[in-house]
Every structure is written in C-alpha cells, then in structure tokens.
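A.B. asks: I would like the atomic coordinates for the input below:
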Amino acid sequence: CLASTCGMHHCAGLPCHACSRRPYSCLEPYSSLQVWFEPFHVTLQAPLSKLLARNKLKPSDVDAVELLGGGSRVPKLQAVLSEALGGRHLDRHLDADEAVVLGAGLFAANLSSSFRLRKFGMTDVAVFGVSFESNDLFVPAAPPIDPATATSKKAWKGKATKAAEDAEADGATASGKSGHVVKSLLPAGKKLPIKRAIKYSNLTIDGFSFDLHYNTSTVHGLPPGVEDPQLASFQVSGIQDAIKRYNSSGVTTLRFEADYSSLLHFSIAECVVEVSIVEDKVIEVQVPVSKVNETGVTAMGDANSSKSAAPAADAAKEAAAEHMKDGATDGAEQKDKNDAAEMVGSGTVPPAAGNDTTGSSVNKTVTVKKTIQVPRRKTFHVGLAVSGAGPRHPPLAGDVFAAARSHIAAWRAAEVVKAATAKAKNDLEAYIISTREKLETDENLRQVTVELDRVKLIEQLTEAEDWLYGDGEHEAAEAFRTKLAGLKATGDPMVTRANELELRPQVLSAVKEQFEAAEKIVTGWAGTKPWITEHEAMGMTDKIKEFKKWLQQQIDAQAEKSATEDPAFSSVDVASKWEAVQKALTKMDSKRIPRPAPAAKSAAAPKGEEGEPANSNGDKTESLEDAEADSGPGGGQAKQGSAGGQQQQQKPAGGPNGSQADSSLPGVEEQGLPVHEEL
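C.D. replies: All right, here's what the predicted structure looks like:
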C-alpha cells in the first residue's frame, strides 16, 4: 500500500473514485485493510497446523521451514506463518519463484526417455487415501490356512502374508450374506507410482458393482475444494462364463494403477483359473539287450514293444510321480512340475550303468520309445466385462476432445495476435519516447533540422501518444504499425541526417588512412614480392584511383548541400565500396611465390663424394630450391626478367673457389624495402 497526494492509502490496479491519478485508487486506511484480511490470515495458519497435528509434531520438532512461491515474499504472510510455528525464523535459501518449476522440470526429465540426466532421489506419496466399496459382492468364507498341510514353512509363511495383504481393509468385511465389502485400495502415504490389486477366490456370482471414493475416515480427509468423496463407479460381469468353461471362477482379480500424479486408473478385471490336465509324452528309455532279445523288440522302438519297455516305463512314471507328488498350486511349484514333466518327456533318463558297447552283450542297453501320461497345470486368464458410469470426471474423448482441441487452437491463435499487438504497441510507444528525447537533447539533430520541422514532428508525436493511451488503446496491431510508419516517414530522415553528421567525418578519415597504406603496399610489391607481375600491380593501382575519384565526387556533391538537406552519400556506401577494393587487395597481396621449374641434370656430369653432381672445380652444387631458400624472399629475382617477368634458367655459378652460388641479389631485409603492413 502506498500514500498518494490525496492523503489516502490506496492499492494499485483498481479504478480510482477519489482522484484521477493512475494506476492508483483510493480505498480505505491501512488499518481497515488489516481488519478485512484477518480471516484470510487465519486460513493461512490452518494447513500448517493440520500438517503438524497429522504427523504428531510440535513446532520445536521442525528442523527447517523453506518458503516457496512468489506469494511467500509478502511480509504479513511470513509473520502469520512464523506465529503459527511459535515465532521461529523462516528459511529462504531458494529462489521462491523458480524452485518449484526447476524441480518439476528436472523430475520430468528423469521420467522422460528423451533426456539423459543424472538420476536424483525423489519420493512422491499419495496424499489422500482411496477406498474400494461394494454392496453386492458376496464373498464365500475362505478356509483358514493350516500350516500342517502346507508344503513347507516358507510356503505357508508366504501364503499367510499374501492373504493378509488381500484382506487389508479399513474395517472388517461384512458377512457373505450382506455383500457389503470395504477395502483400502490406496492408503494415504503410499509411495508412487504403485500397482494395486483386489482378489477374491471362487466367486459364484455372475457380477458385482463397486465404487471408488476418498477415504474420509483418516486425518487427511478430502482434498481442498472437493465436497463429494466419490471418484468412480464400475460394474463387473462375466464370472459365470469362466465357471461354465472351467468349472471354477478361480481368482477374480481387479487391477489398479496409480501414477506419479496420484491418479488412480482401473486397468483390468479378469478371472485367473488353474486347471489340471493330463498330456501324452513320448520318452526314450534304456532297456537291457537281454530283455530285448527275449521279447524280440528292436532298438529305438517297436509298435508292439509295450511289454518289453514296461520296466523302464514304470521307472519313468515313478520318476514323474516323484516330481508331481506335491499338489500345491503355487507358481514356483507349478514350474517345478512342468520342468519335471519336460525332463521325462525329452528322454533325459540316465542310461544304464553298463551301457558299454565293448563289453558283453549282457550289460548292453538299447533305447526304446514309450508314451506316458503326465499331469500338468495350466493357467487361463478370462477377461471380465466392465461397464458402469466409470470415473466421475472421465477423460476427454470423441466430440468433446475435438472441441477442446479446437478451443486450445483458437486460444493459441488469440495469444499470437495478442503478442503481435503488444509488440506493435510497444514499438510505437518506444519510438515516441526516444524521438521526443532526441529532439530535446540531441545537438546534431538541431543542426540538420529547422525549427518548423521539429515543432511539426513534436505535434505528431503528441497526437500519436494521446491516441495510443486513449482511443487507440484497444486497437489491433495493424493500426499501431500504420501509426508508427507515419511517424517514421517524418522523423527518420531527420535522425539519419543527424547520424551522418557525426559518422561521415570518422568514416572518411579512416578510409583515407587505409587507401594511403594500400598505395604503399602496392608500390612495394616490386621489391618485396616480385612474383606479382607489373600488370597485376597496375590493375590494383587503377582500382584504388577509381575509388579515390568516386569518393572525391561524393565529397564535392555533399559540400554543395546544406545540413538540412538529405546527404549526397552515406557512410554505409563508402564503407561497402571500399570493402570491395580491400578484398581484391588482400587477395592479390596473399599471392604465393610460384614453384620454380626443376633444373636439368647432365648425364656426363661427374659425381661428388656422395654421388651428387659437381662443378668444374670438383665442388658439389646446390639445387635451385636450396639456392632460392638461401637467397631469401628476394632471391626470385635471379630467374625473372625485367620486362615481362618471364622465368629464365639460372645456372649456379661458383665464386672465386667455385664453392658458392652467385649471391649478388640480396633479400628483402638487405634491400631495405618496407615490410608488408596488414590492413
């Protein structure tokens, strides 16, 4: 709250009734505002007090309290929260505006497969519990688990734990006659995401209905703003179809999933039925040769060899029965039974100890095939029909979803128009402010304009400003652009002349220094870079002279104009035209020395000590490349003519002793020529 000139305390953003000042409005003294907001302060303390009571904590038990959200910066809010915590200090170590958004972004990146981010620990729990309730689910009484009949102590313990989990409920389940069942489907505080299942064995009814609702019996209660605890209603049917097909309904399972947002989804309803069947298995057994000879059965099977293979078949049956004697229906035991049956059916019965082909025929065995019957258990999943009202707030689909998408598309288009309008309005406002400031303070602008033009432009700016804050406040972007174009048609030429008045001398001075340096470089090419021909040097000199002539013409034309007229040339024109000349100069100055032609070798030349050609005095000669390297950059003059610059064959000549090449042509450093200067 601020105090305006009218002496009243006021808040921003409301229409003013006591005075015409914007954007303030006079309301009431600050003491009255405190009285009005007192109920809101009490509401702020309620969630904090409820959080402490729910976790059975006192304010002194809390180690740190971190404030998040932009609203936490309000001093009165901080005072109210501090009072609720017994006057303790509130921590503000994080950016209140960005902390939540940054954390949500990092958490979403961890969940996404499109980003590679280092995993960090974060646990989310369900804040409000959800219960399962049915009024027509008649559950048959389940017999108690007898530890004596269990296969093992570990198996009995596992079954008891599983039964306890299935029987988890807020209250005791009513009798099977009433059909009223209540279970805690998603307890408050459960870690998310999570999958939950409700299972009932051997149901005889064809179907039942159930509701999902918030668990109002806990301290959490209902979420803020929610008055009706009901979440969804479903009807499940088709159990009798499973009974008719398999003579049992098995385990009726309802599966639910809760995602990271604590949204509960009903995924599937099915009957899981386990059925015992008998399958024929062909096995291979080892039979002694003596028994085969007695009965006349040949090796690897005979259609009528059932009697001869009876002992081995009986042994295989006993082995299979040994593996199948456990009648439990657990998944692990079922796997063991299947593995045992597969072992028997695949013929992995160990051969006889005396299976030795080199021994006597008494100890020899042969393999025969036998078909036996092996009991197995198979699991069948029968899907149930799900109907009913479904979620109280169902997801969008069909025409409703299409209408929502159209609405969002229209909103996006409106946002684009809104952004374009705001930009056009802001550009107009910025131009008005900046141009008016230049007219009042810029001396260059005063030199290139007359008083009448400045007064006319100020009137246009004032008129556009009044329209902007008055009748044109709600106009479209095109209206703002049109108004800005009209102002620029008058103001931009003035601003351009003022800018040129300041930039023109600087650009001309810089260009003059550069082309003078360029002329020196071109003049020095004859001594520093003789491989650049005279024709090429003359061409570059002509380009520089042409630029100097054009520049002098522009300067003369500008001298005939007054300061209030449009300039004859711009600084940009001078810079761009000189840039083209400078590029050509740089390209020519970077030309490399051409590679010399290899020297012809004489076949009759005598050899030196190491097989190299020698001169007339018997000394070894240097190659043309070595001679050029020793002579420096200026050594190339020895093979270039004075007129056309054509290369000539330069024969190495000995000195007084015939041991050195002619060094009468010094390098650049010896000639004292100017060093190349980069622009």
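
A.B. asks: drop to CA atoms for contacts and neighbour counts, all remaining ones
C.D. replies: Noted.

A.B. asks: so where's this protein shaky on pLDDT?
C.D. replies: In the prediction, the chain carries residues with pLDDT under 70 at positions 1-30, 141-178, 291-362, 600-679.

A.B. asks: Which parts of it are strands?
C.D. replies: Using DSSP state E, the strands of the chain run over 2-3, 9-12, 24-26, 124-125, 130-134, 181-186, 191-192, 194-201, 207-214, 230-237, 251-258, 264-288, 365-383, 385-391.

A.B. asks: Residues contacting the fourth one, please?
C.D. replies: Looking back up the chat, that one is strand 124-125. Applying C-alpha atoms under 8 Å, 6 or more residues apart in numbering, the contact partners of strand 124-125 are 188-193, 260, 262.

A.B. asks: if we go to 7 Å?
C.D. replies: Residues lying outside strand 124-125 but in contact with it, judged by C-alpha atoms under 7 Å, 6 or more residues apart in numbering, are 189-192.

A.B. asks: Determine which two of these are furthest apart.
C.D. replies: Farthest-apart pair in the contacts of strand 124-125 is 189 and 192; separation 8.9 Å (C-alpha to C-alpha).

A.B. asks: Those two: which is more packed in?
C.D. replies: Set residue 189 next to residue 192 and count neighbours by other C-alpha atoms under 10 Å: residue 192 wins out with 17 against 12.

A.B. asks: And that one, how far from residue 442?
C.D. replies: From residue 192 across to residue 442, the span is 66 Å (C-alpha to C-alpha, to the nearest Å).

A.B. asks: What of residue 372?
C.D. replies: Residue 372 sits 110 Å away from residue 442 when distances are taken as C-alpha to C-alpha.

A.B. asks: Then residue 188?
C.D. replies: With the distance defined as C-alpha to C-alpha, residue 188 ends up 70 Å from residue 442.

A.B. asks: Then residue 122?
C.D. replies: In this structure, residue 122 lies at 60 Å from residue 442, with C-alpha to C-alpha as the measure.

A.B. asks: Show me which of the two is the more surrounded one.
C.D. replies: When neighbours are counted by other C-alpha under 10 Å, residue 442 comes out ahead of the other of residue 122 and residue 442, with 14 against 6.

A.B. asks: Residue 247: how many residues sit nearby?
C.D. replies: A count of neighbours around residue 247, defined by other C-alpha under 10 Å, yields 12.

A.B. asks: One more: residue 64?
C.D. replies: A total of 11 residues lie near residue 64 under the criterion other C-alpha under 10 Å.

A.B. asks: which ones are touching it?
C.D. replies: Residue 64 makes contact with residue 91 under the criterion C-alpha under 7 Å, 6+ apart.

A.B. asks: Residue 230 pairs with what?
C.D. replies: Note on residue 230: beta-bridge partners by DSSP bridges are residue 213.

A.B. asks: Surely it touches residue 213?
C.D. replies: Yes: using C-alpha atoms under 7 Å as the test, residue 230 is close enough to residue 213 to be in contact (4.1 Å).

A.B. asks: where's residue 236 relative to residue 214, distance?
C.D. replies: The spacing between residue 236 and residue 214, counted by C-alpha to C-alpha, is 21 Å.

A.B. asks: what about those two, which has more around it?
C.D. replies: Legend: neighbour count by other C-alpha under 10 Å for residue 236 and residue 214, higher for residue 214 (25 against 18).

A.B. asks: Need the nearest residue in space to the more buried one, chain neighbours excluded.
C.D. replies: Counting by C-alpha to C-alpha, 6 or more residues apart in numbering, residue 214 lies nearest to residue 130, which is 4.5 Å off, once chain neighbours are set aside.

A.B. asks: Next, count neighbours for the one you found.
C.D. replies: Neighbouring residues of residue 130 were enumerated by other C-alpha under 10 Å; the total is 22.

A.B. asks: My understanding was that it contacts residue 215; is that so?
C.D. replies: Yes: under the criterion of C-alpha under 7 Å, residue 130 lies in contact with residue 215, with a separation of 5.2 Å.

A.B. asks: Quick check: neighbours shared by residue 189 and residue 192?
C.D. replies: Going by C-alpha under 7 Å, 6+ apart, residues that sit against residue 189 and also against residue 192 are 125-126.

A.B. asks: residues near residue 54, how many?
C.D. replies: 12.
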